[in-house]
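J.: next comes the sequence, and after it the predicted model I'd like to discuss.
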Amino acid sequence: MSGKRPVLNQEWKDWAKVLITKCWHQDPSKRPTASMLVQDLQKSFINWNWACKKHGVGRHTTFLSYRVKYDSDLAEKIALRLENQLLKRILERNGLDSNSMSSVFLDCDCLNEGEDWRDGFISGIRQSRSEILLISRESFEEVIQKASTTKDNVLTEWEESMDKESTNKMILFVDDQGKEFKPFGLKLPDEEHFGSGRKIKDTIK
């Protein structure tokens, strides 16, 4: 086909367009193997039977994305504050008990014992009604430095969130003091995120 590719139907799901694009990569060595395709196809479907260990539900009000190495303390505070506010609001408006409250997906609380991390977070994020992406300066810099050579879990969460065009999203940029930082103007890598077929800068933009 002389390097030409058909125009993709924009009504197709984003995950399908990404998968097709990966399969016809100009460099054959970067095309996925059959086993990789199976894994990607499995990830494209939601496991409606999945439920987290803390809340016993699969559909959370909010999925909270963060990097454990840098942001776990702040993420836990945000989750606790959100759940307390949700509980109070539900009790006041509807007279419901705490078991009826909506909940926040925080991986340290919600992933099941012995569960593959990726399976748990994909189920959580795909069923969530909204996402909060907590992005610290250190986490952002790690994506820029390493994501072209290593599969980055946090960047994968951003990709999954961006695929869900219909849900509400909040992006919080914070430094190590919990204050806002502005990543704008930083040079973004033009390389693909390792194993994803997506350019790092396209997801971040």
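T.: Done, it's in. Numbers count the residues shown, from 1 in each chain.

J.: where in the chain is pLDDT low?
T.: 1-2, 13-15, 39, 42-46, 86-102, 166, 176-179, 184-185 (pLDDT under 70).

J.: in it, which spans are strands?
T.: For the chain, the strands defined by DSSP state E cover 62-65, 104-105, 130-136, 168-174.

J.: got JSON lines for those, with distance to R81 and mean neighbour count too?
T.: Glycine gets a C-beta too; all of them are placed from N, C-alpha and C. Converted to JSON lines, those look like this (distance: least, CB to CB, whole Å; neighbours: other CB atoms under 10 Å):
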{"stretch": "strand 62-65", "distance to R81": "11", "mean neighbour count": "26"}
{"stretch": "strand 104-105", "distance to R81": "9", "mean neighbour count": "27"}
{"stretch": "strand 130-136", "distance to R81": "11", "mean neighbour count": "21"}
{"stretch": "strand 168-174", "distance to R81": "13", "mean neighbour count": "15"}
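
J.: go ahead and flag the most central residue of the chain.
T.: Centroid check for the chain by CA atoms, centre = their mean gives E157 as the closest residue, at 1.9 Å.

J.: which non-adjacent residue is nearest it?
T.: S65 (4.3 Å; CB to CB, 6 or more residues apart in numbering).

J.: cool, and I78?
T.: Closest to I78 by CB to CB, 6+ apart is L64, at 6.5 Å.

J.: roughly how far does that neighbour sit from S196?
T.: Separation of L64 from S196 (CB to CB, to the nearest Å) stands at 22 Å.

J.: neighbours of I122, just the number please.
T.: Close neighbours of I122, defined as other CB atoms under 10 Å, add up to 21.

J.: correct me if wrong: it contacts E160.
T.: Yes: taking CB atoms under 8 Å as the definition, I122 is a contact partner of E160 at 6.6 Å.

J.: state the distance from the residue nearest to the centre of the chain to C110.
T.: Per CB to CB, E157 is found 13 Å from C110.

J.: then M36?
T.: For M36, the distance to C110 (CB to CB) stands at 27 Å.

J.: who has more neighbours, those two?
T.: Comparing M36 with C110 by other CB under 10 Å, the one with more neighbours is C110, at 25 against 14.

J.: correct me if wrong: the more buried one contacts S123.
T.: No: applying CB under 8 Å, one finds C110 not in contact with S123, separated by 9.6 Å.

J.: who are the contact partners of the residue nearest to I78?
T.: Residues counted as contacts of L64 (CB atoms under 8 Å, 6 or more residues apart in numbering) are A75, I78, A79, V104, F105, L106, E131, I132, L134.

J.: and if we set it to 6 Å?
T.: Applying CB atoms under 6 Å, 6 or more residues apart in numbering, we find L64 in contact with A75, A79, V104, L106, I132.

J.: tell me what it is bridged to.
T.: Note on L64: beta-bridge partners by DSSP bridges are I132.

J.: who touches stretch 169-188?
T.: E131, I132, L133, L134, I135, S136, R137, F140, K201, I204.

J.: one more: stretch 103-117?
T.: Applying CB under 6 Å, 6+ apart, the contact partners of stretch 103-117 are 52-55, 60, 62-64, 79, 82-83, 120, 124.

J.: good, wrapping up.
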